[in-house]
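Peer 1: Build the 3D model from these lines:
(2 chains)
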Amino acid sequence: MALPSPAPIPPVTSAGQAPGAPIIEIRGLTKRYKDFTAVDGIDLEVRTGEIFGILGPNGAGKTTTLEMIEGLRAPDAGSITVAGLDAIGQSDQVRKIIGVQLQSTSLFPYLSAAELVELFGHMYGTPNPKARVPDLLALVGLQDKAKARVEELSGGQAQRLSIALALVNQPKVTFLDEPTTGLDPHARRSLWETILGVRNAGTTVVLTTHYMEEAEVLCDRIAIMDGGHVIACDTPAGLIRALGQEATVSASLASAASVPDRVAFAAIPGVTVATVVDEQGETRVRLQTADAQATLVGLLDLAKERGLTLGDLSSTRATLEDVFIQRTGRTYVSEERGKEEREKRGRRRSARRM
Amino acid sequence: MQSFWAMLVANLKMSARNRAAFFWNIAFPAVFILIFPALFSSGIGGQPSVGITGADTPLRQQVVQALKDTGSFEIYEGSREEEQTALEKSDRSLVIVFPEGELSESSPLQLLTGQSDSPSSKIAVASVRSALLDILGQPQGIAVTQQQVADLNTRFIDFFTPGVLAMSIMNAGMIGLSTAFVGYRERGILRRIKVTPLPLWKFVLSRILAALAIVMVSCFALMAMAKIVWGLNVRGNWLLIVGVLALGGLAFLGIGYAIAAISRNVETAAVFGNALSFPMLFLSGVFIPVSSMPSWLQPVAYILPLRYLVDALRKPMMYGDGIGAVWVPLLVLAAIFLAGFGVAIRFFRWDATAK
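Peer 2: The predicted structure is shown next:
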């Protein structure tokens, strides 16, 4: 499915800030729990009018970072400025100018979509909240669901509704914590359109995600987090360009009789990073390369020389996945698979409770 | 103010649309109102009670002993005034007034009964007459007068309805409110409120007012049902009764918030709520008067919050008593309310994780 690429449409800022001027500035932000440091002295800068993505695996510190900006958790060190306000000391003021979507459901039960939007409008003290309900529901594509109760909404519709609630106060910045987690691919893509619409209407968006593809397609700039650190921060194109590689060549090694070690693969012409991983009982080699053609030839030569049978041979354009591998030395996909499993279990548990 | 009213209206809508709450607040107690009076149609549980008063003569001692020997009566001895009042409240089947000296035409033994002429008072009168015959042995010369006193003519439904109202209030607070509030915490609704400018107290207060409104609606619906089906007779001042319902509601909402604060998840809250409310249902005089419970069990009722609500509701509703008769239970309920919210504030948590 083709999605309009997030071409930098000149954003209309309601906030009076010049597009591109920093709206959030974070310095040395740190959060420690008893035995580990969830966020370890990070610096970030979000610019007015952009979609800023925080990408990383489970436990990277994305949500903790977001919750410190929103005033839900107190940092142990560092400073946060949101639209010129100190988000730690003046969190009461900051609350009024930000919108928040939390990772959990967090919708009052037994109310309709329209009633909830109006209620939240009142909670923020916005003038005549009822009048804004149709526009907000239309913005998130729920105009037909105004009278539907929260319990009747699908997962994707509930996420859209909570995005509408994160916009009731016409915030300068809105925070979306893993807005597409748990959605099917169709609902996910359609939510991307909604988020682009929010940005294009002039609201700065900060979102977290653990989907590489989502960050690459949706975000204007991305901070990749891992283990409480920001390991890279740039536009998606900038991050990939900085890899200095054009593609990833990968293949499965069917006859694993004498698999050469990583060093042999790393010596293939053009290869910048070589990884050999076991994925579901199958050994795969992934070669990041600055010269796809030379690397393919080199790999085939190596296979012939060592009597290897290469299966599933492919060459793909470099992605954020390659950025993650280069910075951490680990692959991203296998970790995420474990997380999805945990999430499914978690959802089943909470479903039982209802 | 605008945000508070909007929250109050939203809470009323949520409460009105919650079918589980409707079941516990109205449907479940309604079944009690409809069925129990049919089972207990013979009257309030326990034995016929006989009041003894007047001069302390040898005859009196013999009659009391004879009645005690039958094992069929609850015997109360008190002043003439006390016993007459008890009779007027339908708390005695019979009151016997002994005269000074020998029985004679000018100083007869007086038997006082209520106007309702219940089977238990007939049994009591017959037992006393036969005891007198055994003691005095001369059927002709026994000087006895029998007289009816205007009494409240209370019936089982008058006794039972205040208990059921108290049960409904208890369920609304200890189970309904506590599980709903813990659910809000588990689903992140409390944290979502925290990131808005709305202060938490506005949310909690609007929730309390909505819950009190629901309590009132439920209680009046149950009373209407008891009136239509069983002819409930409410004797007391309505202002006092509404006040007791509200204070009772606050006390049990206080307990509900305390349970919510110390419960990790909805299941724990439900276990706490049920474990605490279930014994109260049977030991607080909802179904049988505390005075009819075994004497070793009666002190237990005095530490149960529900007993005080039952007491404070039953006195005005059943007997038409004024505030002077219920100020002690009302003070206890006020103390429970304060203690409950004290615990709730002390142990309050915004989110489900213990960080």
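Peer 1: could you check the distance from the residue nearest the centre of chain A over to chain B?
Peer 2: Against the mean C-alpha coordinate of chain A, by Cα atoms, centre = their mean, the closest residue is A:T209 at 2.3 Å. In this view, A:T209 and chain B are 18 Å apart by Cβ to the nearest Cβ, to the nearest Å. For the C-beta atoms, the positions are set from N, CA and C on the backbone; glycine is no exception.
Peer 1: swap in A:I231?
Peer 2: 25 Å.
Peer 1: wait, doesn't that residue sit right on A:L239?
Peer 2: No - look at A:I231 against A:L239 with Cβ atoms under 8 Å: they stay out of range, at 10.3 Å.
Peer 1: ok, what's across the strand from the residue nearest to the centre of chain A?
Peer 2: A:T209 has these beta-bridge partners by DSSP bridges: A:L55.
Peer 1: State the pLDDT value of it.
Peer 2: What the model reports as pLDDT for A:T209 is 92.
Peer 1: quick one: the strands in chain A?
Peer 2: Counting by DSSP state E, one finds strands in chain A at the ranges A:22-33, A:36-47, A:51-55, A:77-82, A:85-86, A:98-101, A:173-177, A:204-209, A:221-226, A:229-234, A:247-253, A:271-279, A:282-289, A:310-317.
Peer 1: who does the fifth one touch, helix- and strand-wise?
Peer 2: Applying 3 or more Cβ pairs under 8 Å, 6 or more residues apart in numbering or on different chains; DSSP states H and E, we find strand A:85-86 packed against helix A:91-97.
Peer 1: is chain B contacted by the helix it packs on?
Peer 2: Yes - residues of helix A:91-97 contacting chain B under Cβ under 8 Å from any Cβ of the partner chain: A:92, A:95-96.
Peer 1: which of the residues you listed has the most neighbours?
Peer 2: The most crowded member of the residues of helix A:91-97 next to chain B, judged by other Cβ atoms under 10 Å in any protein chain shown, is A:R95 (22 neighbours).
Peer 1: can you tell which of the strands of chain A is closest to B:K89?
Peer 2: strand A:98-101 (60.3 Å; Cβ to Cβ).
Peer 1: For that closest one, the averaged confidence score.
Peer 2: Strand A:98-101 shows a mean pLDDT of 95.
Peer 1: what does that strand contact?
Peer 2: A:69-70, A:82, A:159, A:162-163, A:165-169, A:171-177, A:179, A:203, B:192, B:195 (Cβ atoms under 8 Å, 6 or more residues apart in numbering or on different chains).
Peer 1: do the same with stretch A:286-298
Peer 2: A:243-250, A:265, A:268-277, A:299, A:313, A:315, A:318, A:322, A:325-326, A:331.
Peer 1: who in chain B is up against chain A?
Peer 2: B:2-3, B:5-7, B:10, B:13-14, B:17-18, B:183, B:186-189, B:191-198, B:265-267, B:350-351, B:355.
Peer 1: Could you tell me which of these belong to helices?
Peer 2: B:2-3, B:5-7, B:10, B:13-14, B:17, B:183, B:186, B:189, B:191-194, B:266-267 (DSSP state H).
Peer 1: The closest residue in space to A:G156 that isn't next to it in sequence: how many residues sit nearby?
Peer 2: Excluding the flanking residues, the one nearest A:G156 by Cβ to Cβ, 6 or more residues apart in numbering or on different chains is A:A187, at 3.3 Å. A:A187 has 17 neighbouring residues, counting by other Cβ under 10 Å.
Peer 1: Enumerate the positions of stretch B:85-101 that are buried.
Peer 2: B:86-99 (16 or more other Cβ atoms under 10 Å in any protein chain shown).
Peer 1: how close does B:A27 get to B:L34?
Peer 2: Distance of B:A27 to B:L34, given as Cβ to Cβ, to the nearest Å: 11 Å.
Peer 1: try A:Q143
Peer 2: 46 Å.
Peer 1: Contacts only, for residue 143.
Peer 2: No chain was given, so I picked chain A. Residues in contact with A:Q143 (Cβ under 8 Å, 6+ apart) are A:134, A:137.
Peer 1: Hmm, no, I was thinking of chain B.
Peer 2: With contacts defined as Cβ under 8 Å, 6+ apart, B:A143 is in contact with B:103-105, B:107-109.
Peer 1: try it again with 6 Å
Peer 2: When contacts are counted by Cβ atoms under 6 Å, 6 or more residues apart in numbering or on different chains, B:A143 touches B:103-105, B:108.
Peer 1: Most neighbours of all those residues, which one?
Peer 2: Top of the contacts of B:A143 by neighbour count (other Cβ under 10 Å): B:L103, with 18 neighbours.
Peer 1: Which helix or which strand is home to it?
Peer 2: Secondary structure from DSSP states H and E places B:L103 outside every helix and strand.
Peer 1: now swap in B:A275 and tell me
Peer 2: Going by DSSP H and E, B:A275 is part of helix B:266-283.
Peer 1: mind saving the C-alpha coords of the helix or strand just after that helix as CSV?
Peer 2: Using DSSP H and E, the helix or strand that follows helix B:266-283 towards the C-terminus is helix B:298-301. Extracted C-alpha coordinates of helix B:298-301, given in CSV (Å, rounded to 0.1, in the frame of the first residue of the first chain):
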residue,chain,number,x,y,z
GLN,B,298,-23.8,-9.9,69.7
PRO,B,299,-20.6,-8.0,70.7
VAL,B,300,-19.2,-8.7,67.2
ALA,B,301,-22.0,-6.6,65.7
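Peer 1: which is the next helix or strand following helix B:298-301?
Peer 2: Downstream of helix B:298-301 (by DSSP H and E), the next one is helix B:305-314.
Peer 1: After that next one, which helix or strand is next?
Peer 2: Counting by DSSP H and E, the next helix or strand C-terminal to helix B:305-314 is helix B:327-346.
Peer 1: Could you tell me which residues within that next one count as buried?
Peer 2: Buried residues in helix B:327-346 (16+ other Cβ under 10 Å): B:329-330, B:332-333, B:336-337, B:340-341, B:343-344.
Peer 1: which residues are contacting stretch B:89-99?
Peer 2: For stretch B:89-99, the external contacting residues (Cβ under 6 Å, 6+ apart) are B:48-55, B:57, B:60, B:83, B:86-87, B:107, B:110, B:112-114, B:120-121, B:124, B:151-152, B:154, B:319.
Peer 1: For the residue in the stretch 1-150 of chain B that chain A sits nearest to, give me its contacts.
Peer 2: Nearest residue of the stretch 1-150 of chain B to chain A, counting by Cβ to the nearest Cβ: B:A6, 3.4 Å away. When contacts are counted by Cβ under 6 Å, 6+ apart, B:A6 touches A:119, A:122.
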